[in-house]
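J.: the following comprises the amino acid sequence and a computationally predicted model.
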Amino acid sequence: MPNIDQQLTQKRLAAHMGGGIKRIEAQHAKGKLTARERLEVLLDQGSFEEWDMFVEHRCNDFDMQEQKVPGDGVVTGYGTINGKLVFVFSQDFTVFGGSLSEAHAEKICKIMDQAMKVGAPVIGLNDSGGARIQEGVASLGGYAEVFQRNALASGVVPQISVIMGPCAGGAVYSPAMTDFIFMVKDSSYMFVTGPEVVKTVTHEDVSAQDLGGALTHTTKSGVVDRAFEDDVQTLLMVRKLMDYLPSNNRAPAPFLKGLDPVHRTTESLNDLVPSNPNQPYDMHELIFKMVDDEDFFEIQPEYAKNIIVGFARMGGMSVGIVANQPLVLAGCLDIKSSIKAARFVRFCDAFSIPIVTLVDVPGFMPGTSQEYAGIIKHGAKLLYAYAECTSPKITLITRKAYGGAYDVMASKHLRGDVNFAWPNAEIAVMGAKGAVEIIFREDKNDPQKLADREAQYKARFANPFVAGARGYIDDVIEPSETRKRICRSLVMLKDKKLENPWRKHGNIPL
Ligand code: HXC
């Protein structure tokens, strides 16, 4: 009988070997790191404290009592990312395909509970065949315990999911309830039902990658926020994301002062917006030139590209940026872009991250496909998100702010704290041409008269001063001074306090 020290060494070794060398090699052959290797990349060197290495499953069916691996297919514990405490779980595909047993779920729940007690983010590295088939309902119960905790942790601590292998069936719903999902290209997939079930039910032939690979989820479904080439790059990007986020909903977002002076002016911004109002320009250029060190971490860059969302720093402060993109669909708001931006605004608000909104929006997207699919309800999501948001809100209208979309995009009326416009901004119910065609319909056969009317309308409304005269715009600023003015506003808003009326929760139009 080995003594305690020997037993400890043996158990630790067994835990580190997971499903054995063959399965580790198979994992590597697929271009994937093991669960422990992944944690080494994710966490600061030497910071990982492992918990529950000796947990084993309790299943006695199908001879499972003969097949026990210490840790039971998931490595859990805590560590730091650039010094910030985070709790982690990393599923080990070499042990029963990373499948979730009752004990495996208990390990995940334990670190989630502890993360909530100390107010630290939870990062889950998912690589799993789903419910442990040998365990049946005990495994389903385990999933539900995790789901419950995902819901309770939402808006309290940031939750990040990384999909690094299979993630199928009901298992997808834990990542779906977390704040951000990253995927590894080619080696991971997520779907509710796999290709075989799809074939049986809908007679569609589709590969696992086409059904639920990174490309599908970053471009078509919008389920996933970012996808990267391999395990290492993906994990390094999670580290980068964490630098923008506070540890919990009562902690301030990290302040990381760079070398970029807050008073830096950018003359080239004076020429960013073309004189022809129908000519597009790339809103990314303004974002990069305005933020610290041209460093912008975009969320969902390949989905609903008519709106841009992501994190940056201004004067060292973490900010969420929401910007219409005139290059795509003229920057109009449609269903996908409204949902994308609404979710981002709500994340920033939950964690008190200031929001900088850049507006160039011709309105909501017209058409039967949008109306039939519920643009009314989905557009209202963004309106609701901005309206309930109490984080500092700074808005800059660079060109068009038309119609309902003017109201929605963090206008003064939705408690915008600081609302700027560039000198050639047009804040109106609609563009001049459309407006005169409606209110001077009797002139429709007289092109000259219509052109005169249009010129009059433009002169009267296609400027920021009508809104400025009512105080809807706090100042009209030179484009070159944008960074300086927004940085100053952020400092002014640092200690902003605003509370919504008490309620159990609102009823956002889901
Ligand atoms: C137990 C599992 C398992 C599972 C895989 N394994 N999935 N063991 N429960 N769910 C084991 C395999 O037996 C195998 O063991 C090892 O993991 C690796 O699996 P392979 O099939 O060899 O790997 P690969 O070819 O890469 O295929 C991976 C896979 C496939 C696509 C994930 O294993 C698969 O289809 N598994 C079943 C998926 C599934 O139907 N899960 C239940 C979904 S329903 P050995 O010993 O050979 O290494 C669900 C409900 C959740 O999850 C509900 C929550 C509400």
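T.: Received it, and whenever you're ready, just let me know what you need. Numbers count the residues shown, from 1 in each chain.

J.: residues contacting Glu294?
T.: Glu294 makes contact with Phe288, according to C-beta atoms under 8 Å, 6 or more residues apart in numbering. For the C-beta atoms, the positions are set from N, CA and C on the backbone; glycine is no exception.

J.: could you rerun that using 10 Å?
T.: Counting by C-beta atoms under 10 Å, 6 or more residues apart in numbering, Glu294 makes contact with Asp260, Ile287, Phe288, Ala312.

J.: what's the ChimeraX syntax to select whichever of the residues you listed are buried?
T.: In ChimeraX syntax, the buried subset of the contacts of Glu294 is picked out as below (16 or more other C-beta atoms under 10 Å):
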select :260,287,312
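
J.: next step: the contacts of Glu294 restricted to strands.
T.: Counting by DSSP state E, the contacts of Glu294 place Ala312 in strands.

J.: so which of the contacts of Glu294 comes closest to the ligand?
T.: When the contacts of Glu294 are ranked by distance to the ligand (C-beta to the nearest ligand atom), Ala312 comes first, at 36.7 Å.

J.: so the closest one makes contact with Lys240?
T.: No: the pair Ala312 / Lys240 is not scored as a contact, 11.7 Å apart, by C-beta atoms under 10 Å.

J.: shared neighbours of the two, which are they?
T.: With C-beta under 10 Å, 6+ apart applied, the overlap between the contact sets of Ala312 and Lys240 consists of Asp295, Phe297.

J.: if we can go back for a sec, ok, of the contacts of Glu294, which one's closest to Gln67?
T.: For the contacts of Glu294, the residue nearest Gln67 by C-beta to C-beta is Ala312; the value is 49.2 Å.

J.: three-state assignment of Met183?
T.: Per DSSP: H, G, I helix; E, B strand; the rest coil, the local secondary structure of Met183 is strand.

J.: tell me the contacts of it?
T.: 126, 161-164, 167, 175, 189-190, 212-218, 223-228, 234.

J.: which PyMOL command selects the buried ones in those residues?
T.: Here is the PyMOL selection string for the buried members of these, based on 16+ other C-beta under 10 Å:
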select buried, resi 126+161+162+163+164+167+175+189+190+212+213+214+215+216+217+218+223+224+225+226+227+228+234
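
J.: picking up where we left off before, mind putting the contacts of Glu294 in JSON lines, distance to the ligand and pLDDT included?
T.: Shown next, in JSON lines, are those (distance: C-beta to the nearest ligand atom, whole Å; pLDDT from 0 to 100):
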{"residue": "Asp260", "distance to the ligand": "46", "pLDDT": "96"}
{"residue": "Ile287", "distance to the ligand": "39", "pLDDT": "98"}
{"residue": "Phe288", "distance to the ligand": "41", "pLDDT": "98"}
{"residue": "Ala312", "distance to the ligand": "37", "pLDDT": "98"}
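
J.: pick out the residue of the stretch 201-350 of the chain closest to the ligand.
T.: Residue nearest to the ligand within the stretch 201-350 of the chain (C-beta to the nearest ligand atom): Ala208, separated by 7.6 Å.

J.: Thr178: how many residues sit nearby?
T.: Neighbour count of Thr178, defined by other C-beta atoms under 10 Å: 18.

J.: what's the helix or strand for it?
T.: Assessed by DSSP states H and E, Thr178 sits outside every helix and strand.

J.: which residue, other than its chain neighbours, is closest to the residue of the stretch 201-350 of the chain closest to the ligand?
T.: Nearest non-adjacent residue to Ala208, counting by C-beta to C-beta, 6 or more residues apart in numbering: Tyr189, 4.9 Å away.

J.: any idea how far the one you found is from Gly471?
T.: Between Tyr189 and Gly471 the distance, using C-beta to C-beta, to the nearest Å, works out to 52 Å.

J.: and Met242, by the same measure?
T.: For Met242, the distance to Gly471 equals 39 Å [C-beta to C-beta].

J.: ok, these two, which is more surrounded?
T.: Shown here are Met242 and Gly471; by other C-beta under 10 Å, Met242 has more neighbours (20 against 9).

J.: show me what contacts that one?
T.: By C-beta under 10 Å, 6+ apart, Met242 lies in contact with Leu42, Thr80, Ile81, Asn82, Lys84, Val86, Pro121, Ile123, Pro158, Ile160, Pro254.

J.: which among the residues you listed gets closest to Trp422?
T.: Trp422 lies nearest to Pro254 out of the contacts of Met242, by C-beta to C-beta, at 30.3 Å.

J.: quick one: residues contacting that closest one.
T.: So Pro254 contacts 82-84, 242-247, 313, 316-318 (C-beta under 10 Å, 6+ apart).

J.: return the members of these classed as buried.
T.: By 16+ other C-beta under 10 Å, these give Lys84, Met242, Asp243, Tyr244, Leu245, Pro246, Ser247, Arg313, Met317, Ser318 as buried.

J.: among those, which are in helices?
T.: Residues of the buried ones among the contacts of Pro254 located in helices (DSSP state H): Met242.

J.: any chance of the buried ones among the contacts of Pro254 in a markdown table, plus pLDDT?
T.: Listed next are the buried ones among the contacts of Pro254 as a markdown table, based on pLDDT from 0 to 100:
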| residue | pLDDT |
| --- | --- |
| Lys84 | 97 |
| Met242 | 97 |
| Asp243 | 96 |
| Tyr244 | 98 |
| Leu245 | 98 |
| Pro246 | 98 |
| Ser247 | 98 |
| Arg313 | 98 |
| Met317 | 97 |
| Ser318 | 98 |
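
J.: stretch 161-169 and the ligand, are they touching?
T.: Yes: applying C-beta under 6 Å from any ligand atom, one finds stretch 161-169 in contact with the ligand at Pro166, Ala168, Gly169.

J.: who wins on neighbours among those?
T.: When neighbours are counted by other C-beta under 10 Å, Pro166 leads the residues of stretch 161-169 next to the ligand with 25 neighbours.

J.: check which helix or strand covers Ala138.
T.: For Ala138, the host element (DSSP H and E) is helix 137-153.

J.: tell me what that helix is packed against?
T.: Judged by 3 or more C-beta pairs under 10 Å, 6 or more residues apart in numbering; DSSP states H and E, helix 137-153 is in contact with helix 102-118, strand 122-126, strand 159-163, helix 173-176.
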